[in-house]
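> make a model of this:
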Amino acid sequence: MTTIKVLQNGPYQVEGEDVTAVDTSGAKFAVVKRPFYLCRCGASKNKPFCDGTHAKIGFKAAETAVPGGGVGPSKS
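Numbers count the residues shown, from 1 in each chain. Okay, the predicted model is just below:
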């Protein structure tokens, strides 16, 4: 099973062996360590992966799921 966890004022933590990270052209990113972390602050120098910059810039964000929020339309 794959789990994506929103970390408080930090990145998305992605756990699961059945996950492949791909770019817009479908090329795979080499992910050698699990879990891996995806940037959510927009300031990482290693996008789409987190490099810890969120802590340096004081990134703050909401972490709780909105009741009844659900998943929006697919953009594929």
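
> contacts, neighbours, all on C-alpha from now
Noted.

> which parts of the chain are strands?
Along the chain, counting by DSSP state E, strands occupy 3-6, 12-15, 36-38.

> out of those strands, the one nearest Ala30 is which?
strand 36-38 (10.9 Å; C-alpha to C-alpha).

> what's the pLDDT at the residue in the chain sticking out farthest from the centre?
What lies farthest from the middle of the chain is Gly68; by C-alpha atoms, centre = their mean that is 21.7 Å. Predicted confidence (pLDDT) for Gly68: 74.

> cool, Ser74 as well?
For Ser74, pLDDT reads 58.

> can you check Thr20 too?
92.

> list the residues that contact the closest residue to it other than its chain neighbours.
Of all residues not flanking Thr20 in the chain, Lys28 sits nearest, at 6.9 Å (C-alpha to C-alpha, 6 or more residues apart in numbering). Residues near Lys28 by C-alpha atoms under 8 Å, 6 or more residues apart in numbering: Thr20, Ala21, Val22.
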